[in-house]
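Chemist: Mind looking at a prediction? Sequence and model below.
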Amino acid sequence: MGTSRGAENGFFERVYELVRAIPRGRVATYGQVARLLGLTRGARAVGWALRGLPRREERSVPWHRVVGAGGRVSPRAGPGPLLQRRRLVKEGVRFVRGRVDMGRHGAFS
DNA sequence: ACTTTGACTTGCA
DNA sequence: ATGCAAGCCAAAG
């Protein structure tokens, strides 16, 4: 295992692992995830990672709990921003003027 | 090794 | 509030 580098050391996997830790009804921003991984300005890279989320892992990684700065749902989010929003609302996440109320639902606020 | 690509963010007009 | 430019970062071509 030492020499072979699989998904366990890749940036993508680190992102997925962190996103898996976001509790139901809570959300985190791309920027927050990036910083928790040591990249102060790596929000974009996090988006890239989630975009590459294998269909197989869609069930185990709550991608819908990751939103843009200020609680905005990205227009280009996964299968569709509507689905993401629906899932969040279903979990009891409150939207204020079209944005997630981060003060109330931010997993790392 | 260089270029392109994005589920991003911030700042400024 | 709306729009756009620039900065940032990892992966893929």
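Modeler: Ah, there it is.
Chemist: and chain A, which residues reach DNA strand B?
Modeler: For chain A, the contact set with DNA strand B under CB under 7 Å from any atom of the strand comprises A:29-31, A:43-48, A:50-51, A:53, A:63-64, A:66, A:68-70, A:72, A:74, A:76-78, A:84. For every residue, glycine as well, the C-beta is placed using N, CA and C.
Chemist: restrict those residues to those near DNA strand C?
Modeler: Restricting the residues of chain A next to DNA strand B to those near DNA strand C - CB under 7 Å from any atom of the strand - leaves A:Ala43, A:Arg44, A:Ala45, A:Trp48.
Chemist: Could you export stretch A:51-62 as PDB, keeping only the C-alpha atoms?
Modeler: The C-alpha trace of stretch A:51-62 is given here as PDB (Å, rounded to 0.1, in the frame of the first residue of the first chain):
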ATOM      1  CA  ARG A  51     -18.100  17.400 -10.200                       C
ATOM      2  CA  GLY A  52     -16.000  14.200 -10.600                       C
ATOM      3  CA  LEU A  53     -18.000  12.400  -8.000                       C
ATOM      4  CA  PRO A  54     -18.600   8.900  -9.300                       C
ATOM      5  CA  ARG A  55     -22.300   7.900  -9.600                       C
ATOM      6  CA  ARG A  56     -21.400   5.000  -7.500                       C
ATOM      7  CA  GLU A  57     -20.500   7.300  -4.600                       C
ATOM      8  CA  GLU A  58     -23.500   9.600  -4.900                       C
ATOM      9  CA  ARG A  59     -25.300   7.700  -2.200                       C
ATOM     10  CA  SER A  60     -22.500   7.800   0.300                       C
ATOM     11  CA  VAL A  61     -21.400  11.400  -0.300                       C
ATOM     12  CA  PRO A  62     -24.000  14.100   0.500                       C
END
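Chemist: Contacts made by it with the rest, please.
Modeler: A:Phe12, A:Tyr16, A:Val19, A:Arg20, A:Ile22, A:Arg24, A:Trp63, A:Gly78 (CB atoms under 8 Å, 6 or more residues apart in numbering).
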